[in-house]
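J.: Sequence and predicted structure, then a few things I'm wondering about:
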2 protein chains.
Amino acid sequence: MNAAEVLRLHISKTTTFPGEQFEYFFSHFKLLSFTKGQALISEGDKVDYEYFVLSGCLKSFYINDEAKMFILQFAMPTWWTSDYNALYNGNRATINVDCITDAEVLGLSGIDREKLCKEIHEAEYFFRWRTNKGFVALQKRLLSFMNSDAKHRYEELILLYPELYNIVPKHLIAAYLGVSRETLSRLYTPEK
Amino acid sequence: MNAAEVLRLHISKTTTFPGEQFEYFFSHFKLLSFTKGQALISEGDKVDYEYFVLSGCLKSFYINDEAKMFILQFAMPTWWTSDYNALYNGNRATINVDCITDAEVLGLSGIDREKLCKEIHEAEYFFRWRTNKGFVALQKRLLSFMNSDAKHRYEELILLYPELYNIVPKHLIAAYLGVSRETLSRLYTPEK
DNA sequence: TTTTAAATGTGATATAGGTCACGTAATGAC
DNA sequence: GTCATTACGTGACCTATATCACATTTAAAA
């Protein structure tokens, strides 16, 4: 399946663009390839793009004053990622995005997104729903943070995204769960 | 300022509806009054409405198996609230919404929201941006959860919404911060 | 006003998870 | 294949926060 087909299939779960409008829509995306470890967005950058993942796995993360990393999101194929605060509000990036594995993505600039949303009502509809879903998912994650201990959160994560278990190193999973790598490592030891 | 003016002013921060379209848009909202303690949405309900707060203060919250409450959001004037998972996906409510004080709100049904978004491109634009902002704010809150201790989170909250300090009882603020009321109460005691 | 219930404060104690330290296994570079 | 990273495991100890219990203060109801 080529990039256009992957994106069309993804969008078709929410809406359908009439006539040739998908081709026009798609023409605004740039196909980009990155290698493991490469950064798409680094703290302090001007952020002009958001990314739709075709293959591979990315992470978006925040680094605090003590150089501790907190992972906001793993981005697998058909996921979107960026520093949305920076992209929407024209701020400098406070969040980093880089590659956990080699990856192919489609880049869409904020300018083109707004242009497409103006020109194609269905595009605006699509992006509204995409963010709706993201919002609801984030709310669930926040609740799981407040409600559940590390072990429970870990099990929820692996249940929801079993792929991550093999692809993503454990210390990154720990950084997503908000626990130290030592604690994650000890979750399944009987401990006396 | 009447309800229509409050809503128009709120929307004008994001976009402007051309011609008479705001009046048409507004005609789909129902003005509703509630008293302190009254519920707008209870767990298990069918959720047909979202609410725009005109006056007073609401909370949306989740109750876990051990009857512990976690507050997702305080809703002050010009904030929107609902169980968005239930409203968007047609599920039963898992989240409750009720009144911390007497409150006036404008209710908009999910059906009318979708109708308005279809009919008025600017309405779709508005709701897309509203959710964008909500998403970014939630992401910040999640980071603050992972990064900061209870005291820091408390200070962030009061700095951002000083009104809450007087209006909202401390045990509800604790439920928002994800700490026990005892811990919140102890934050500013020198402790030995 | 009197009574009842809700909100808050505070001590004592328990525990999940953090931090530091060190060792081993796996992966990648040359 | 050797060397250097990076990932992972585990012990010892520390700390923030939870929980339970009870007192006190404030607000609502009768």
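T.: Received the coordinates, thanks.
J.: Does anything pack onto the helix or strand where A:Leu9 lies? Which helices or strands?
T.: Assessed by DSSP states H and E, A:Leu9 sits inside helix A:3-12. Applying 3 or more Cβ pairs under 8 Å, 6 or more residues apart in numbering or on different chains; DSSP states H and E, one finds that helix A:3-12 contacts helix A:21-26, strand A:49-55, strand A:103-109. C-beta: built from backbone N, CA, C; applies to glycine.
J.: Does A:Phe61 touch A:Thr94 like I think?
T.: No - when contacts are counted by Cβ atoms under 8 Å, A:Phe61 is not listed as touching A:Thr94 (10.7 Å).
J.: Can the top helix by length along chain A be said to contact DNA strand C?
T.: If you go by DSSP state H, chain A has its longest helix at helix A:121-147. No - Helix A:121-147 lies apart from DNA strand C when judged by Cβ under 7 Å from any atom of the strand; the minimum separation is 10.0 Å.
J.: How about that helix, which residues are buried there?
T.: Of the residues in helix A:121-147, A:121-136, A:138-139, A:141-143, A:145-147 count as buried by neighbour count, 16 or more other Cβ atoms under 10 Å in any protein chain shown.
J.: could you give the angle of it to helix A:3-12?
T.: For helix A:121-147 against helix A:3-12, the angle by axes from the mean of the first three to the mean of the last three Cα atoms, to 10 degrees is 70 degrees.
J.: now the angle between strand A:49-55 and helix A:121-147, please.
T.: Interaxial angle, helix A:121-147 versus strand A:49-55 (the same axes, to 10 degrees): 80 degrees.
J.: circling back: restrict the buried residues of helix A:121-147 to contacts with chain B.
T.: With the criterion set as Cβ under 8 Å from any Cβ of the partner chain, the members of the buried residues of helix A:121-147 near chain B are A:121, A:124-125, A:127-128, A:131-136, A:138-139, A:141-143, A:145-147.
J.: For chain A, which residues score under the pLDDT cut-off?
T.: By pLDDT under 70, the low-scoring segments of chain A are A:190-192.
J.: who in it is up against DNA strand C?
T.: Residues of chain A lying close to DNA strand C by Cβ under 7 Å from any atom of the strand are A:68, A:149-151, A:178-180, A:182-183.
J.: let's see it at 6 Å
T.: A:149-151, A:179-180, A:182-183 (Cβ under 6 Å from any atom of the strand).
J.: Please narrow those to those residing in helices.
T.: Residues of the residues of chain A next to DNA strand C located in helices (DSSP H): A:150-151, A:182-183.
J.: which of these sit farthest apart?
T.: A:Lys151 and A:Glu182 (13.9 Å; Cβ to Cβ).
J.: neighbour count winner among those two?
T.: Just comparing A:Lys151 and A:Glu182: by other Cβ atoms under 10 Å in any protein chain shown the higher neighbour count belongs to A:Lys151, 15 against 9.
J.: Report how many residues lie close to the nearest residue to A:Ala150 once chain neighbours are set aside.
T.: Leaving aside its chain neighbours, A:Ala150 sits nearest to A:Val179 (4.4 Å; criterion: Cβ to Cβ, 6 or more residues apart in numbering or on different chains). A:Val179 has 20 neighbours, counted by other Cβ under 10 Å.
J.: distance of A:Val179 from A:Phe74?
T.: 16 Å (Cβ to Cβ, to the nearest Å).
J.: The residues of chain A next to DNA strand C: which ones sit near DNA strand D?
T.: Counting by Cβ under 6 Å from any atom of the strand, A:Glu182 from the residues of chain A next to DNA strand C sit close to DNA strand D.
J.: Looking at the residues of chain A next to DNA strand C, which one is closest to B:Gly37?
T.: Using Cβ to Cβ, those come closest to B:Gly37 at A:Asp149, 31.8 Å.
J.: What's the local residue count around the closest one?
T.: Counted by other Cβ under 10 Å, the residues lying close to A:Asp149 total 10.
J.: Near chain B, which residues of chain A are found?
T.: Proximity of chain A to chain B is confined to A:62, A:64, A:68, A:70, A:72, A:84-85, A:88-89, A:117, A:121, A:124-125, A:127-128, A:131-136, A:138-143, A:145-147, A:178 under the rule Cβ under 8 Å from any Cβ.
J.: go again using 6 Å as the cut-off
T.: Residues of chain A found near chain B (Cβ under 6 Å from any Cβ of the partner chain) are A:62, A:64, A:70, A:84-85, A:88, A:121, A:124, A:127-128, A:131-132, A:134-136, A:138, A:142-143, A:145-147, A:178.
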